[in-house]
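Asks: Next one to model:
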Amino acid sequence: MALSSPGPNPTLESCRLAYSAKNLSTRLIVPAPLHCIGKFSSLDRRQRQGVCCSSLRKATSASSMESQEDAPTDLPACMEEELDHVMQFKMSDFKILDRVSVGLGGRADELFYEGMVKDSGSPLYNIRVVLRQLFSAQAQRRGKRAIEVLKKLVRQKLMYHSYSMQVHGYICLPASDRHGSHGAFILVHGYHGSFSLRHWLQQSDWLPTLEATLALDEEYVRKVGEDTTGGPAVSRQLRLIRILMRDLLIGVNYLHSHGLAHTELRLENVHISPVDRHIKVGILGNAADFYDEGSDGGSMDRRQMMIAFDMRCVGFIMAKMVLRELMDPLIFAKFKSFLTKGFDPSCLREVMLKTLGRSFPSGNFGLQILDRNWGAGWHLLSLLLATKPSKRISCLEALRHPFLCGPRWRVVPSMDIIRWGLGSTAVRISEEYIYRVPQRSRLAYFIELMEMLNPHPKPKNWLELLPGKWRLLYCTGKHIGMTLRQPPSRVLIGDVHLTISRASKLKTDLSFISDIGFTVMIGHDWPHDKTGKGGNLQVKSSFALAAGRRLYLKQEKATEKFFFSPSSGEEALAQKISGKKWKKVIPFKEFPSSLPAAKLVSGDIDVTMNLDDPLNQNIDTARNVLQEVRIQVPPEIFDLSKVVCGTYVDSRLLVLRGVNGSALLFTRSFLDTSDSR
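Replies: Numbering: from 1, shown residues only. The predicted structure follows:
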């Protein structure tokens with residue numbers, strides 16, 4: 001926000017802004033007290049001669065504005081009818097203050113004053129207000145639209161005053177050379193604090209300051225459904241985000257229920273009032289009606305599209321509140337680019353881990369908040385930012401989402417949330433990389449549950465969801481590392497990707513390419529120094545997709561010698577799903593003998609390995625490296641013909657089964673390791 005002084009007055013050159021952290025406002029320091037703040041583009045300078053800033057003495061005595069506003073104003077009869085539900089003020093009704101807020105979301109064709117009503121006969125006597133002076137025809141249209149919207153919402157004054165900026169009235173000044181051909185239309189609206197939500201989040205101590213501003217007490221704890229008011233920083237931030245998001249959703253739903261869409265929901269237009277401690281969704285100057293002069297079908301489509309647009313904006317606000325890194329324009333550009341390319345937002349976690357860096361996922365408060373409660377935050381974010389408008393969640397559904405409901409509220413999760421929670425928990429366990437017996441058995445248990453709740457058992461669904469790039473997370477088979485043996489070559493396995501492509505939409509033939517990246521460590525200091533020569537192993541094969549079933553074979557107990565044998569896992573799963581916890585969730589009364597699966601029939605296999613210099617010059621070394629890679633990676637990745645069926649697939653997770661019964665868990669990947677942050 002900056003001051004513009006294109007006029008001939010030389011004293012305006014000395015106008016400058018100084019920010020005061022204590023008062024959370026902007027003080028205008030000039031030789032005489034100043035009242036105005038504006039933001040003008042170069043185009044506006046060429047179109048308009050400028051706006052002059054007068055002193056407080058001139059503003060209160062004989063300013064040109066007062067002389068103009070005392071003159072008779074010829075308002076059209078239609079305008080008087082449109083604005084009859086609000087008050088018409090004069091400039092002489094206000095005492096102009098020398099402080100101007102920096103967080104009012106101004107535009108290039110707007111000018112701000114802060115003032116107090118000095119008319120003792122006014123109901124707003126001694127109340128601070130904001131005078132928003134609008135110059136261009138488009139700006140004046142926004143101001144008058146805000147007053148029109150007020151007329152529609154004034155029936156429920158309490159709701160309107162709680163969740164929107166209060167519009168008290170207007171000042172209409174006639175056209176003059178000073179104000180351009182359109183005259184000046186000044187909107188008088190409420191003062192709801194100096195900072196917008198963006199300014200709050202940019203403060204270094206935003207969390208305790210905002211908690212103190214909202215005066216969080218037991219009443220707010222009850223509203224958000226939390227048990228405690230204290231706790232670590234992650235719990236405090238989650239509680240505050242729940243309060244702000246619930247308040248924002250109630251305000252947006254209030255607009256939607258009255259046939260209006262905000263269309264301008266962003267951090268700059270959201271304010272937090274310290275008086276009533278409510279979210280204000282800003283001036284409704286661009287609010288649009290759902291139902292236009294079209295057919296009923298067109299109106300319903302218009303309503304759905306407008307609600308979906310508002311919910312997408314709410315999703316962006318939530319993402320920036322939780323992931324503070326998105327306040328950086330470069331990181332937010334990557335975040336938004338991922339969505340504009342049409343990728344499924346349910347895969348945002350994989351993308352954000354890559355964008356923010358895998359080295360500190362546990363130290364990032366935002367990632368911890370979204371990972372809590374079985375990844376409920378990622379689920380809500382994916383519904384708010386869904387690619388198809390028809391798939392986006394509504395305000396009422398979002399208010400009932402587990403992420404926004406504390407532990408005191410008993411929320412019955414849907415089957416979709418249960419599937420999401422199972423997959424998110426399995427991913428989190430695999431990322432911990434502590435593969436002892438409890439972790440391995442729990443991972444196998446979750447994978448089995450996911451397979452039983454597979455939402456896409458038919459091959460036609462697999463043909464749509466299977467193509468893409470997948471990253472291997474875990475294999476339930478045998479795990480062999482490099483520290484338990486003394487191999488001839490020390491090989492550190494990196495990311496393992498499986499790329500699946502479809503030759504034609506008319507055929508069911510698929511092409512599988514497994515890409516294994518690794519590092520060959522040379523020397524005896526490999527436990528401390530993981531640098532070495534890079535390599536890549538690529539396996540290609542073609543598959544035919546058909547319908548199939550996965551059979552559960554009954555084996556005698558005498559043959560169950562190993563803990564990880566298929567039958568032992570199935571019996572443990574059968575015992576667990578018969579309990580009370582999963583009895584209502586699993587759609588089977590007893591353990592099934594078979595489940596539908598996507599049968600994969602493999603064709604020819606092609607194996608290619610590339611090594612950096614000088615490893616590629618020694619055949620024996622290359623042979624040892626290949627042997628070590630084969631030992632460490634699952635056999636199904638090296639020999640794709642051992643992949644026999646797929647048992648679970650959705651937009652973000654994939655489970656394939658090998659011929660020996662082991663399961664391979666994949667997550668959808670969009671970024672290569674070579675991508676720069």
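Asks: what comes up buried for the top helix by length along the chain?
Replies: The longest helix of the chain (DSSP state H) is helix 296-322. By neighbour count on 16 or more other C-beta atoms under 10 Å, the buried set for helix 296-322 is 299, 302-303, 306-322. The way it works is simple: take the backbone N, C-alpha and C, and place the C-beta from them, glycine included.
Asks: ok, which stretches of the stretch 251-400 of the chain are helices?
Replies: Taking DSSP state H, counting those that start in this stretch as the criterion, the stretch 251-400 of the chain carries its helices at 296-322, 329-340, 348-356, 365-384, 395-399.
Asks: which other helices and strands contact the shortest one?
Replies: Secondary-structure packing of helix 395-399 (3 or more C-beta pairs under 8 Å, 6 or more residues apart in numbering; DSSP states H and E): helix 233-257, helix 296-322, helix 365-384.
Asks: how big is the angle separating the last one from helix 296-322?
Replies: Going back to what we said before, that points to helix 365-384. With axes from the mean of the first three to the mean of the last three C-alpha atoms, to 10 degrees applied, the angle from helix 365-384 to helix 296-322 works out at 180 degrees.
Asks: measure Arg400 to Pro413 for me?
Replies: 10 Å (C-beta to C-beta, to the nearest Å).
Asks: Neighbour count for those two, which is higher?
Replies: Pro413 (17 against 14; other C-beta atoms under 10 Å).
Asks: Roughly how far does the residue lying closest to that one once chain neighbours are set aside sit from Ser414?
Replies: Closest residue to Pro413 apart from its sequence neighbours, by C-beta to C-beta, 6 or more residues apart in numbering: Pro402 at 6.1 Å. As judged by C-beta to C-beta, Pro402 and Ser414 stand 10 Å apart.
Asks: what about these two, which has more around it?
Replies: Pro402 (20 against 13).
Asks: what sits against Pro389?
Replies: 304-305, 308-309 (C-beta atoms under 8 Å, 6 or more residues apart in numbering).
Asks: could those go into TSV alongside pLDDT and distance to Asp529?
Replies: Below are those laid out as TSV (pLDDT from 0 to 100; distance: C-beta to C-beta, whole Å):
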residue	pLDDT	distance to Asp529
Gln304	90	58
Met305	92	57
Ala308	94	52
Phe309	95	53
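Asks: which two in the residues you listed are spaced the farthest apart?
Replies: Farthest pair in the contacts of Pro389 (C-beta to C-beta) is Gln304 and Phe309. Separation: 9.7 Å.
Asks: low-confidence ranges in the stretch 301-450 of the chain?
Replies: In the predicted model, the stretch 301-450 of the chain carries pLDDT under 70 at residues 358-363.
Asks: Let's see that with 80 instead.
Replies: 357-363, 406-410, 433-435 (pLDDT under 80).
Asks: do the stretch 551-677 of the chain as well
Replies: For the stretch 551-677 of the chain (pLDDT under 80), the answer is 551-594, 614-618, 671-677.
Asks: One more pass at 70, please.
Replies: Using pLDDT under 70, the stretch 551-677 of the chain drops low at 553-592, 671-677.
Asks: Going along the chain, name the strands of it.
Replies: Ranges of strands in the stretch 551-677 of the chain, per DSSP state E, counting those that start in this stretch, are 594-611, 643-649, 653-658, 663-668.
Asks: List just the one of those that sits closest to Phe332.
Replies: strand 663-668 (21.9 Å).
Asks: that older thread, would JSON lines of the helices and strands packed on helix 395-399 with distance to Arg668 be doable?
Replies: Listed next are those as JSON lines, based on distance: least, C-beta to C-beta, whole Å:
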{"stretch": "helix 233-257", "distance to Arg668": "27"}
{"stretch": "helix 296-322", "distance to Arg668": "19"}
{"stretch": "helix 365-384", "distance to Arg668": "12"}
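Asks: if I look at Ala503, how far off is Val643?
Replies: 18 Å.
Asks: Those two - which one has more neighbours?
Replies: A direct count of neighbours by other C-beta under 10 Å for Ala503 and Val643 places Val643 higher, at 23 against 11.
Asks: Isn't that one up against Leu600?
Replies: Yes: taking contacts as C-beta atoms under 8 Å, Val643 lies within contact range of Leu600: 5.6 Å.
Asks: what do these two both touch?
Replies: Common neighbours of Val643 and Leu600 (C-beta under 8 Å, 6+ apart) are 543, 656.
Asks: how about Val633, phi and psi?
Replies: phi -80, psi 150 (degrees, to the nearest 10).
Asks: That one: neighbour count?
Replies: So Val633, with other C-beta under 10 Å, has 21 neighbours.
Asks: Identify the residues contacting it.
Replies: Val633 neighbours (C-beta under 8 Å, 6+ apart): 493, 496, 516.
Asks: What is the nearest of these to Ile186?
Replies: Val496 (64.1 Å).
Asks: Quick check on the closest one: phi, psi?
Replies: Dihedral angles for Val496 - degrees, to the nearest 10 - are phi -120, psi 120.
Asks: Can you report phi and psi for the nearest residue to it once chain neighbours are set aside?
Replies: Leaving out its chain neighbours, the residue that sits closest to Val496 by C-beta to C-beta, 6+ apart is Leu472, at 4.1 Å. Dihedral angles of Leu472 (phi, psi; degrees, to the nearest 10) stand at phi -70, psi 130.
Asks: What residues are bridge-paired with Leu472?
Replies: Phe666 (DSSP bridges).
Asks: so where is the stretch 101-250 of the chain shaky, pLDDT-wise?
Replies: Checking the stretch 101-250 of the chain against pLDDT under 70 turns up 101-106, 175-183, 194, 216-231.
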